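> Return atomic coordinates for the entry below.
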Amino acid sequence: MKGNNMSITSPTTLTQIVSEIQSKVPDKSNLFGKASDQILLEAIGKLINLDEIVERLQAIDHQQSSLFTPDQVKFAFLKWIENHLESIELQPEWYLNKDFKHFNRHLPFDELQDAVEREFDVEAVYEEMGAAHEAGLFDNSSLEDQFTGTPEQAAADALTW
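Residues are numbered from 1 along each chain as shown. Purely as a prediction, here's the structure:
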């Protein structure tokens, strides 16, 4: 990171860093403006503690990070995560396909099934079909009554019809 004077000193979580950035930006209207963006930032901030990540990366000397200051490693990690978030935004389906079970686990399939069952009540359909059958709505047509051939003939006639 030669020539890059970006330093992150006091904040330890992503949420704190975003808050610090927001406090320094004069026009905040377009910066993390949507409520869904704020929710995402807060969720990420709860999951990511930059100090712990930097400490671990430097302790195991991952990518030779022990050669750099904690602030430099924080900056590099933030750039790395920013790149991944942009990639996720561009192709969310690719990321979800890599590990779909965590996504699917939180979709309310049970509620969807309940809604479908409420909308399509099987017992009510059977009752309607039974009533229609009793009323003679499913009786054979006059053509079926007049047919005197075999099932094979009926199949052959259906193919040539």
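
> Which strands and helices lie in contact with whichever strand or helix holds Val125?
Taking DSSP states H and E as the criterion, Val125 maps to helix 122-134. Packing partners of helix 122-134 (3 or more C-beta pairs under 8 Å, 6 or more residues apart in numbering; DSSP states H and E): none among the helices and strands. All C-beta spots, glycine's among them, are computed from the backbone N, C-alpha and C.

> From the contact counts, what lies against the helix or strand hosting Ala115?
Per DSSP H and E: Ala115 is located in helix 109-119. Applying 3+ C-beta pairs under 8 Å, 6+ apart, we find helix 109-119 packed against no helix or strand.

> now could you export just the CA positions of that helix as CSV?
Taking C-alpha atoms only, helix 109-119 is exported to CSV below (Å, rounded to 0.1, in the frame of the first residue of the first chain):
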residue,chain,number,x,y,z
PHE,A,109,-41.4,-21.9,2.9
ASP,A,110,-43.7,-23.1,5.7
GLU,A,111,-45.7,-19.9,5.5
LEU,A,112,-45.9,-20.1,1.7
GLN,A,113,-47.1,-23.7,2.0
ASP,A,114,-49.8,-22.7,4.5
ALA,A,115,-50.9,-19.9,2.2
VAL,A,116,-51.2,-22.2,-0.8
GLU,A,117,-53.1,-24.7,1.3
ARG,A,118,-55.5,-22.0,2.5
GLU,A,119,-56.0,-20.8,-1.1
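
> Let me know how buried Phe75 is, in neighbour terms.
20 (other C-beta atoms under 10 Å).

> Doesn't it belong to a helix?
Yes. Secondary structure of Phe75 (DSSP: H, G, I helix; E, B strand; the rest coil): part of a helix.
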